[in-house]
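[1] dropping the sequence and predicted coords here.
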Amino acid sequence: MALVSPAQASGGLFCEGEGGSADIAMGRLVVMQVLGASVEIGGITYSTGPERGEGEPFAVGQAFAEGDDIMVDFVDPNFEDIIVSLRVRFDRATESFVGVLRSQTMQVDVTCMEG
């Protein structure tokens, strides 16, 4: 019998809070892979490509899932600076992910739902 925790599901993650949101498409087999994303934080929108909507270009620098934690860093197209980071943990009481979406100038508390 295999048990799957919420952080090991496939699909996407939509996070939002006052001043920011993130929409991340993910694939999960043995490891988590971010397939694309769009993020709005502090009035600036970022996108991994036109299929994810308009926005300043950014790329996935690294993405990890460990236990109930998901951690994603998005970088500039030259892979020189981290532009946006997402750190969330599954909260069993609310059955949602909660955490922080952070840019170089702003931090937003977010709640996330899988979809």
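    Right, received. Where do you want to start?
[2] what sits against E51?
    Residues in contact with E51 (Cβ atoms under 8 Å, 6 or more residues apart in numbering) are G36. The way it works is simple: take the backbone N, C-alpha and C, and place the C-beta from them, glycine included.
[3] all helices for the protein, in order.
    Counting by DSSP state H, one finds no helices in the chain.
[4] could I get the full set of strands for it?
    Here the chain has its strands, by DSSP state E, at 11-17, 20-28, 32-41, 44-47, 56-57, 59-66, 69-75, 82-91, 96-103, 107-114.
[5] each with direction, which strands does the second one pair with?
    If you go by DSSP bridges, strand 20-28 pairs up with strand 11-17 (antiparallel), strand 32-41 (antiparallel).
[6] can you count the residues close to M113?
    12 (other Cβ atoms under 10 Å).
[7] under the pLDDT cut-off, which ranges of the chain? List them.
    1-10, 28-29 (pLDDT under 70).
[8] just put the strands paired with strand 20-28 in JSON lines and tack on distance to Q62.
    Shown next, in JSON lines, are the strands paired with strand 20-28 (distance: least, Cβ to Cβ, whole Å):
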{"stretch": "strand 11-17", "distance to Q62": "16"}
{"stretch": "strand 32-41", "distance to Q62": "9"}
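[9] ranking the ones you listed by burial, who's on top?
    strand 32-41 (a mean of 20; mean count of other Cβ atoms under 10 Å).
[10] gap between it and the chain center?
    Centroid displacement of strand 32-41 relative to its chain, using Cα atoms, centre = their mean, to the nearest Å, is 5 Å.
[11] tilt between it and strand 96-103?
    In terms of direction (axes from the mean of the first three to the mean of the last three Cα atoms, to 10 degrees), strand 32-41 departs from strand 96-103 by 60 degrees.
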